[in-house]
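Asker: pasting the structure only:
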């Protein structure tokens, strides 16, 4: 990547910085001048890193200085590509452990937006100072990763690194960005302990934090306790009161600042002006205007724009016009603010005239300018002028903009031209809630009914007549969101209006209840539907299958068969998935027979589901036969057969199908590699698994996801490479999930690594404290090691957190009927016979000399 040319001013600063560096002094004036000239030329031509690396430098000190300054340039330019090239050079010269360069690297990555690499550099630093921590904390805060910033600051304290004013300011900035008052208060208390509150830099950050969290009382207390205040302190407090609607307080502190003779800047004036938003505040706003004139800032465009906005909001458009006309060179914001002011005060004609003047002045309107003009046309029902504005919008290429589109919809709706309103709505690239509201309001005013998803509640408030399509759309939205309560309310309205018998509404209701997990009400709707369609049956079958009620799904399928309803691929896919989840191979075979009769065996999607069903039901040979008989195969087909062999412990067979897949030109996807890595894990093919994992990004351009790392953790853990697992986890490009840590914990139990297991359990419980599996694995590990006190502690922790172990469940299919059992089950009608048989088998096993391994058997959990 070539760099853009560095501005002259920036180049002067660069030259000055380079000239002042001590390593250049050792080169002598002639060599130093030549060196700087090379850097300037290379920077201007985009070859900075490669050119400077060729400069002959005599020792490590010179290289360190050179690399540090180049990293500074990358930080300023935010040129990640060049920065990474320099990083490679740092590694090449063996400087990666040098704290000075590492800090510059962290800074460069943070300012380039690459927090992942910044964190990796940070984590590998052998020694970190306050600058190291502060840089990364600031990077997280600026990128919106506020939680990570808090965590890093806490870690900094735990490691005993004393924070300075910059690190405290950075973490306070993170609190401000997240509007997180509680962490902010904790930081405040920490600052008091460190006696940093008197520092004006930290004090300003505290004021800003409380302001952003809308805690003005606390902000004022910090401000008043500051021994020394500057313009930033005053401006932050004034801005806070203005932003939170406290006009009097903002003006009071502004006046106090003036009485004390404190220096005010442009930002101070602009902030206090935002506090005056109604006619009652006009006098105060006028007083501030007087101070601005005295300061000689009335012609500054940013201050003048704030004055125009203030006068408009306070109802004095003429004063706003005077300020505007006094500007020697008004910018687009100035014109737009004045146009909006005319529109807000129902002076649309003057707004249109000013818009024409702006065009003549050579300024191009933006979306806010167009929106203001459109509102003026709408308020006066000036459809012709509105169409002219629409033409300007099209010429400017902003008709797709959501803000402009919403204004067009409103304008046409108010001008009673809904045809153009709908066209304008359709032209919006990404319509938002205002888009729907504008269109819905327009249709309401014109006695028409439209579809609306997100704002159906708004339609109810406006009492707009709704049709079946609107209700169906709203039901689909409720289904997508899993919003059962809202969906049930919609159902009640459907009944009241008399749409319940409509089949379109019926299917939408079915889908909503199924996706919300309420199969009981879904069944009621289904039973009350007289003319069922295939989609009605499919929805119910899929709903039962997805919620673990496979028996009901199978039963419904056979009822569908009896009813004579034609089935499609979605029917078969749903019922086969239910069979797979039940491990009901006999019922799956019956469905297979129906598929053959209806000619769907050649359907790729159905064939894939058949392979998956047979594999999950333990019939891998049948899965293989179906796979081989498929006339067409896709990547899902290969994934299904590879996964099947992997789950049955036939790793080499799975790998053979993977090779076959590539031979026929089928490109594997991320799911394929999950199956392959799982296969390697099951049979202990460590080297093969590592090769496949590395080939994902190298040969197939597939970035490994959490699931792939989980497979690798499982693979290495099973083979006993626990420390390699720990290293892999720490090098993951994202935060490891609980499943990763549980997998490592299970391996630690098997291999007896207690310390690493405790660490894994700690991370897993931090992520999912209510998951019983972690507690059970941890307790198993302690029990296997004979650490009974620790085992009891785990049990007590579970009780304290009210975590209960899910009981084991098993089932068996006999004569097409599923029999389900859980631990200690006595509800089966043949319970006595079953337990008698178990007792008999136990006795026979003992007589045969069997001794059970109880090292991992736990006491019952309450």
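Answerer: Perfect, thanks for sending it. What you see is a predicted model; the values in this text were computed from it and never measured.
Asker: residue 510 and residue 541 touch, don't they?
Answerer: No - using C-beta atoms under 8 Å, residue 510 is not in contact with residue 541, being 11.1 Å away. C-beta here means a position set from N, CA and C on the backbone, and glycine is covered the same way.
Asker: so where's the stretch 401-550 of the chain uncertain?
Answerer: The stretch 401-550 of the chain contains residues with pLDDT under 70 at 431-434, 436-437, 440-455, 457-467, 469-470, 473-474, 476-477, 480-481.
Asker: hey, where'd the helices end up in it?
Answerer: Taking DSSP state H, counting those that start in this stretch as the criterion, the stretch 401-550 of the chain carries its helices at 402-414, 418-427, 433-445, 456-462, 468-481, 484-497, 503-515, 519-527, 534-546, 550-563.
Asker: show me the strands in this protein, by range?
Answerer: Using DSSP state E, the strands found in the chain span residues 809-814, 817-822.
Asker: and residue 560, what is it in contact with?
Answerer: Neighbouring residues of residue 560 by C-beta atoms under 8 Å, 6 or more residues apart in numbering: 537, 541, 567, 571.
Asker: which residues touch the third one?
Answerer: If a contact means C-beta under 8 Å, 6+ apart, then residue 567 has 534, 537, 560, 561, 594, 598, 600 as its contacts.
Asker: could you do the last one as well?
Answerer: For residue 571, the residues meeting the contact criterion (C-beta under 8 Å, 6+ apart) are 534, 537, 538, 541, 557, 560.
Asker: kindly provide the distance from it to residue 606.
Answerer: 10 Å (C-beta to C-beta, to the nearest Å).
Asker: confidence score at the residue of the chain positioned farthest from its centre?
Answerer: Distance from the C-alpha centroid of the chain, by C-alpha atoms, centre = their mean, peaks at residue 847 (60.1 Å). Looking at residue 847, its pLDDT is 85.
Asker: what about the residue nearest to residue 345 when sequence neighbours are not counted, how many neighbours?
Answerer: Ranked by C-beta to C-beta, 6 or more residues apart in numbering and with sequence neighbours excluded, the top spatial neighbour of residue 345 is residue 317, at 5.0 Å. The local packing of residue 317 (other C-beta atoms under 10 Å) involves 18 other residues.
Asker: how close does residue 317 sit to residue 84?
Answerer: Residue 317 is 55 Å from residue 84, by C-beta to C-beta.
Asker: residue 321 now?
Answerer: 54 Å.
Asker: from residue 141, how far out is residue 75?
Answerer: Taking C-beta to C-beta, one finds residue 75 at 16 Å from residue 141.
Asker: ok, of the contacts of residue 571, which come out buried?
Answerer: Neighbour-count burial (16 or more other C-beta atoms under 10 Å) applied to the contacts of residue 571 gives 537, 538, 541, 557, 560.
Asker: pick out the most distant pair among these.
Answerer: Using C-beta to C-beta, the buried ones among the contacts of residue 571 span at most 10.0 Å, a distance reached by 538 and 557.
Asker: show me the shaky parts of the stretch 601-750 of the chain.
Answerer: Residues of the stretch 601-750 of the chain meeting the criterion pLDDT under 70: none.
Asker: tell me where it has helices.
Answerer: 604-616, 620-629, 635-647, 651-663, 670-683, 686-700, 706-718, 722-730, 738-751.
Asker: for residue 258, which of these is the nearest?
Answerer: Across these, residue 258 has its closest neighbour in helix 722-730 (56.4 Å, C-beta to C-beta).
Asker: okay, buried residues for that closest one please.
Answerer: Buried positions in helix 722-730, judged by neighbour count with 16+ other C-beta under 10 Å: 722, 724, 725, 726, 728, 729.
Asker: pick the one among these closest to residue 713.
Answerer: Residue 713 lies nearest to residue 725 out of the buried residues of helix 722-730, by C-beta to C-beta, at 5.3 Å.
Asker: from what I can see that closest one touches residue 744, true?
Answerer: Yes - with contacts counted by C-beta under 8 Å, residue 725 reaches residue 744, the gap being 5.6 Å.
Asker: find residues that contact each of the two.
Answerer: Counting by C-beta under 8 Å, 6+ apart, the common neighbours of residue 725 and residue 744 are 713, 717.
Asker: and residue 75 and residue 141? Which one has more around it.
Answerer: It is residue 141, of residue 75 and residue 141, that has more neighbours when counted by other C-beta under 10 Å, with 26 against 19.
Asker: how about the more buried one, nearest residue that isn't a chain neighbour?
Answerer: In this structure, residue 141 finds its nearest non-sequential neighbour in residue 174, 3.7 Å apart by C-beta to C-beta, 6+ apart.
Asker: what is the burial count for the one you found?
Answerer: Here the number of neighbours of residue 174 (other C-beta under 10 Å) works out to 28.
Asker: doesn't residue 137 make contact with it?
Answerer: Yes - using C-beta under 8 Å, residue 174 is in contact with residue 137, at 7.0 Å.
Asker: what do these two both touch?
Answerer: Shared contacts of residue 174 and residue 137, defined by C-beta under 8 Å, 6+ apart, comprise residue 149.
Asker: could you pull up the residues touching the residue farthest from the centre of the chain?
Answerer: No contacts exist for residue 847 under C-beta under 8 Å, 6+ apart.
Asker: roughly how far apart are it and residue 152?
Answerer: Applying C-beta to C-beta, the value for residue 847 to residue 152 is 63 Å.
Asker: what's the closest of the contacts of residue 560 to residue 295?
Answerer: residue 541 (75.7 Å).
Asker: gap between the residue farthest from the centre of the chain and residue 836?
Answerer: Residue 847 sits 17 Å away from residue 836, going by C-beta to C-beta.
Asker: and if you look at residue 282?
Answerer: Remark: distance between residue 282 and residue 836 (C-beta to C-beta) = 94 Å.
Asker: then residue 805?
Answerer: Distance check for residue 805 against residue 836: by C-beta to C-beta, it reads 27 Å.
Asker: do residue 71 as well
Answerer: Relative to residue 836, and taking C-beta to C-beta, residue 71 is found at 78 Å.
Asker: neighbour-wise, which of those two wins?
Answerer: Taking neighbours as other C-beta under 10 Å, residue 71 and residue 836 compare with residue 71 leading, 24 against 11.
Asker: can you check the pLDDT for the residue lying closest to that one once chain neighbours are set aside?
Answerer: Nearest residue to residue 71 in three dimensions, chain neighbours excluded: residue 104, at 4.0 Å (C-beta to C-beta, 6+ apart). For residue 104, the pLDDT comes out at 85.
Asker: what is the neighbour count of residue 104?
Answerer: Burial of residue 104 is recorded as 26 neighbouring residues (other C-beta under 10 Å).
Asker: what do you get for residue 92?
Answerer: Neighbour count for residue 92, taken as other C-beta under 10 Å: 10.
Asker: show the contacting residues for the residue nearest to residue 141.
Answerer: Counting by C-beta under 8 Å, 6+ apart, residue 174 touches 137, 140, 141, 146, 149, 150, 180.
Asker: same question for residue 71.
Answerer: Contacts of residue 71 by C-beta under 8 Å, 6+ apart are 83, 86, 101, 104, 105, 107, 108.
Asker: distance of it relative to residue 116?
Answerer: On the measure of C-beta to C-beta, residue 71 and residue 116 end up 18 Å apart.
Asker: residue 733 now?
Answerer: To residue 116, residue 733 is 6 Å away according to C-beta to C-beta.
Asker: so residue 632 touches residue 605, yeah?
Answerer: No - look at residue 632 against residue 605 with C-beta under 8 Å: they stay out of range, at 10.5 Å.
Asker: who has more neighbours, the two?
Answerer: Shown here are residue 632 and residue 605; by other C-beta under 10 Å, residue 605 has more neighbours (15 against 9).
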